[in-house]
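Asker: Sequence and predicted model, in that order:
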Amino acid sequence: MVILVTKSISDTQGSKYVKEVFESVKKRNPHEPEFHQAVKEILDSLIPVFDKHPKYMEQGVLERIVEPERVITFRVPWVDDNGKVQVNRGFRVQFNSAIGPYKGGLRFHPSVNASIIKFLGFEQIFKNSLTGQPIGGGKGGSDFDPKGKSDAEIMRFCQSFMTELAKHIGPDTDVPAGDIGVGAREIGYMFGQYKRLQNAFHSGVLTGKAVGFGGSLGRTEATGYGTVYFVQEMLKDKGLDFKDSTVVVSGSGNVAIYAIKKAQELGAKVVACSDSNGYIYDKNGIDLETVKRLKEVERKRISEYVKEHPDADYFEGCENIWLIPCDIALPCATQNEIDETSAKILVTNGVKAVGEGANMPSTLEAVEIFLENDVLFGPGKAANAGGVAVSALEMAQNSARISWTFEEVDTKLHEIMVNIYRNSMNASEEYGHPGNLVVGSNIAGFLKVADAMIAQGVI
Ligand code: NDP
């Protein structure tokens, strides 16, 4: 590989250092391809930093930052509605606390394993740093599949999961939130169990809570809105905007729904979205209210949409959503959903901008295709940082025992996204890769954490 910087300066001290550390990561963490992928992307883009500032090599910052401070795995036993005992595996990776308590979501999905949680936790370090908020990086979850489970089963699972997790988290230690499969319902059940175990109302222990008990207005919308605000900045710099553009959004969960909403508000026509089975194409523009009801309330498949909208089509195979021509693509479902082939199709069809609402939805090869073809590319750790940024605002409100209005939160979110964009652009220029937001966001996120690690000594 690739992306970014290795081609031009393949024999520098920095590139040798990065290669050595990456080889040792692969050796020490075998069979973890997603973790390797995330580490590779970040390490390669940091080469110009090590060349310019050898102190980061001398202080062993990279060797330390790729090793989680703590990895916790645990048994999650629960009883299903038929009285049968089920056992899942729980994870929490506390990756880096140099600039604040560990912060990052919980994912409930059958694909969850150590590699997935470590890739997400590693990315979270840099993303959280980029927000400008005082939060470290962590991530967790379980291989539990919430699909098809009754409400009572979800509650029993969440209570069992939190019974163990509670020993490791706290408002000043580690503050989890939602992710795939974990929304307001699950956060509510976990918060209830934590409160019962502690016999205290520590509202700052989880974010993404309902507004009635410590949640922040605007948190539900934050990741999707933030992604669109970020893409808006990328477009603005090129004299473009969302108005009258054709947009394709993958997924139909929390991030996708609010990305669609904001894109529509800005005058775009969103013609497609998906779930893990397939995608819908509505040439008239997606009716978001139908999608919201089907996915958020009735928890049905996206295929049901076409029953209410006969002009729309449903296609099996979510990965084929990228065949639809669009000006702006917003992947908001899951990791590695855009591969090299899909990226080439998007480019051939004239895509102008790609903004990653999901975490690592583009493979390394796909990112390379976008960069080589001058597609404006907003990497997830910058473009989707709005969710965790507003989580940090939720923590601030909880500490101060106050609540801001939706408009106050949304204004702060907008400012944060503009700042992330500007800081990433500035770093890309300063380190010799102007306009490359992969390099820029990784460097901007890294420097703050690395400086804090050096200041705090070898720990
Ligand atoms: P949700 O669970 O609300 O929605 C996930 C959506 O993606 C669903 O439509 C789901 O379909 C689909 N999906 C899940 N797995 C796959 C798969 N293997 N293939 C295709 N589609 C899939 O999750 P979120 O919207 O919260 O998260 C989406 C992405 O955004 C994730 O990458 C997450 O890490 C990232 N993210 C989320 C943040 C947040 O605040 N929630 C913050 C930053 C990033 P189905 O209904 O069939 O399951």
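Answerer: Nice, thanks for sending it over. Residues are numbered from 1 along each chain as shown.
Asker: Next, the buried residues of the longest strand seen in the chain.
Answerer: The longest strand of the chain (DSSP state E) is strand 85-96. Within strand 85-96, the residues that count as buried by 16 or more other CB atoms under 10 Å are 86, 88, 90, 91, 92, 93, 94, 95, 96. For every residue, glycine as well, the C-beta is placed using N, CA and C.
Asker: try stretch 199-209
Answerer: By 16+ other CB under 10 Å, the buried positions in stretch 199-209 come out as 202, 203, 204, 205, 206, 207, 208, 209.
Asker: Closest one to the ligand out of those, please.
Answerer: Minimum distance to the ligand across those is 7.2 Å, recorded for residue 208 (CB to the nearest ligand atom).
Asker: Test my guess that that closest one contacts residue 391.
Answerer: Yes. At 6.8 Å, residue 208 counts as touching residue 391 under the criterion of CB atoms under 8 Å.
Asker: what residues are shared contacts of those two?
Answerer: 177, 219 (CB atoms under 8 Å, 6 or more residues apart in numbering).
Asker: how near is the residue of the stretch 251-400 of the chain at minimum distance from the ligand to residue 28?
Answerer: Distance from the ligand to each residue of the stretch 251-400 of the chain (CB to the nearest ligand atom) is smallest for residue 253, at 1.7 Å. Distance of residue 253 to residue 28, computed by CB to CB, to the nearest Å: 33 Å.
Asker: between the two, which one's more packed in?
Answerer: Set side by side, residue 253 and residue 28 show more neighbours around residue 253, with 24 against 10, by other CB atoms under 10 Å.
Asker: If I look at the more buried one, what pLDDT would I see?
Answerer: If you check residue 253, the pLDDT there is 97.
Asker: Would you confirm that it contacts residue 332?
Answerer: Yes. Shown here, residue 253 and residue 332 form a contact pair, counting by CB under 8 Å, at 7.4 Å.
Asker: ok, which stretches of the stretch 51-200 of the chain are strands?
Answerer: 70-79, 85-96, 102-108, 136-142, 174-177 (DSSP state E, counting those that start in this stretch).
Asker: out of those strands, which comes closest to residue 50?
Answerer: Among these, the nearest to residue 50 by CB to CB is strand 85-96 (18.3 Å).
Asker: What is that closest one packed up against?
Answerer: Helices and strands touching strand 85-96, by 3 or more CB pairs under 8 Å, 6 or more residues apart in numbering; DSSP states H and E, are strand 70-79, strand 102-108, helix 114-130, strand 136-142, helix 151-165, strand 174-177.
Asker: Contact residues of this structure facing the ligand?
Answerer: 178-181, 223, 251-256, 275-277, 318, 332-334, 357-359, 384, 387 (CB under 6 Å from any ligand atom).
Asker: Just the ones of those residues in helices?
Answerer: Using DSSP state H, the subset of the residues of the chain next to the ligand located in helices is 223, 254, 255, 256, 387.
Asker: Kindly supply the PyMOL command isolating those of these that are buried.
Answerer: Here is the PyMOL selection string for the buried members of these, based on 16+ other CB under 10 Å:
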select buried, resi 223+254+255+256+387
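Asker: ok, the residue nearest to residue 108 when sequence neighbours are not counted - how many residues close by?
Answerer: Nearest residue to residue 108 in three dimensions, chain neighbours excluded: residue 181, at 3.5 Å (CB to CB, 6 or more residues apart in numbering). Residues near residue 181, counting by other CB under 10 Å, number 21.
Asker: Also residue 302?
Answerer: 22.
Asker: residues touching the nearest residue to it once chain neighbours are set aside, list them.
Answerer: Distances taken as CB to CB, 6+ apart place residue 275 nearest to residue 302, at 4.3 Å, with adjacent residues excluded. Residue 275 makes contact with 251, 252, 295, 301, 302, 318, 333 under the criterion CB under 8 Å, 6+ apart.
Asker: Residue 239 versus residue 275, what's the distance?
Answerer: Taken as CB to CB, the span from residue 275 to residue 239 is 35 Å.
Asker: pLDDT score assigned to the nearest residue to residue 201 once chain neighbours are set aside?
Answerer: Counting by CB to CB, 6+ apart, residue 195 is the residue found nearest to residue 201 once chain neighbours are left out, at 5.9 Å. pLDDT recorded at residue 195 is 98.
Asker: Before I go, just wanted to say thanks for your time.
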